[in-house]
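K.L.:
with the sequence up front, the predicted model follows.
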Amino acid sequence: MSCPALPPLSCDHEGQVKVIETDGCCKKEECECDVKLCPTVVPSCPAGFELITSQGVCCLNTSCRVKDVCVFNNIEYQVGDVIPMNPCEKCVCGPDKDPSTHLHIIVCQSLPCDTFCPVGFKYEIIPGQCCGTCVQKNCTVKPPNSNITHSIKPGTIWTPPGMPCLRYECVKMGNQFITIESKTICPPYNPKECIPGTETVAQDGCCHVCIPKGQPCSVSTTTVQLENQGCLSKDLINVTSCNGACGTFTFFSAKARSLQHTCSCCQEVAISERQVQLTCPDSSEITYTYIHIDSCACLKTDCYVTGRSEKAAAPKSSRSRR
């Protein structure tokens, strides 16, 4: 008996083996399953993928299927979730997918920084940080009965409008900004007791002063608190000045054919230097030297005619016939 030729047989499926059996007088080949040849270790899928199993010819087939998620640092995030990637950015899992991995793409936007700073401060960028901070550059002060904050540069003095007797000084000590407030105390002033025409305002626009009626040139004393570069005297100091009326008149000289002016000014004739201790904001003390007037007298001074010439001021002579 002749046996037929066997066609080629391949057992390529996982877990298959080729076996030869005798069928009567002839042999035949068959594929059989040997589960011992199936893999015993279940494969793991990376983040963003899930394991899918299906029954094969002999063994279970396994595969990794992509999920509808974003992946960052091996952590899965659903679409719309906020992902903590960068403190300077807001990152979310977007709806679009990566064409190569088929995972959803993470979309990031830079966070806006608040660059607004109050008066006296300036916004500065901090290296290594996404947002900067407000750094103080000037002193700040809010005058009485005012809702507006004013900025003062270090080393400068500011007087509020309409408050000539009040001033503020900015002093920087290390990283500290110190505002020093000082007020000028004016001496008593009564315009009825002044010589008419002598009423005036001090150069700083604070105090009203004049020459009192009937008061001769003499030394007067005003009690003030001395200040220098932000340092103040502990006690009130008697500061002297020369006040009083001196002989001042104008007359017509027939010989000179013009108006003649004689003027004298109440001035110091004897002075001395005195010292006082000033206390500074940092509790240190400095020695301050000021001038004390010991005596005053009427001293002759030059007179000037303003607003018109002396020629115009002098009367003109005229002759008339009768």
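P.N.:
Yep, it's here.

K.L.:
check contacts around the residue nearest the centre of the chain.
P.N.:
In the chain, the centroid-proximal residue (CA atoms, centre = their mean) is Phe121; its distance is 1.2 Å. Going by CB atoms under 8 Å, 6 or more residues apart in numbering, Phe121 touches 134-137. In this view, the C-beta of every residue, glycine as well, is placed from N, C-alpha and C.

K.L.:
a markdown table for the residues you listed, including secondary structure?
P.N.:
As requested, the contacts of Phe121 are exported to a markdown table (DSSP: H, G, I helix; E, B strand; the rest coil):
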| residue | secondary structure |
| --- | --- |
| Cys134 | strand |
| Val135 | strand |
| Gln136 | strand |
| Lys137 | coil |
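
K.L.:
what's the closest of these to Ile291?
P.N.:
Closest to Ile291 out of the contacts of Phe121 is Lys137 (37.2 Å), distances taken as CB to CB.

K.L.:
quickly find the element holding the residue nearest to that closest one when sequence neighbours are not counted.
P.N.:
Leaving aside its sequence neighbours, Lys137 sits nearest to Lys122 (CB to CB, 6 or more residues apart in numbering; 4.9 Å). Using DSSP states H and E, Lys122 sits within strand 121-124.

K.L.:
got the buried residues for that strand?
P.N.:
Phe121 (16 or more other CB atoms under 10 Å).

K.L.:
note down every partner strand of that strand and its orientation.
P.N.:
Sheet pairing here is set by DSSP bridges, and for strand 121-124 it gives strand 133-136 (antiparallel).

K.L.:
ok, residues contacting the strand it pairs with?
P.N.:
With CB under 8 Å, 6+ apart, strand 133-136 has contacts from 117-118, 120-124, 126, 177.

K.L.:
packing partners of the following helix or strand past that strand?
P.N.:
The first helix or strand that comes after strand 133-136 along the chain, using DSSP H and E, is strand 139-141. Under the contact definition 3 or more CB pairs under 8 Å, 6 or more residues apart in numbering; DSSP states H and E, strand 139-141 sits against strand 150-152, strand 166-173, strand 176-183.

K.L.:
the first one pairs with which strands, and in what direction?
P.N.:
Strand 150-152 pairs in its sheet with strand 139-141 (antiparallel), by DSSP bridges.
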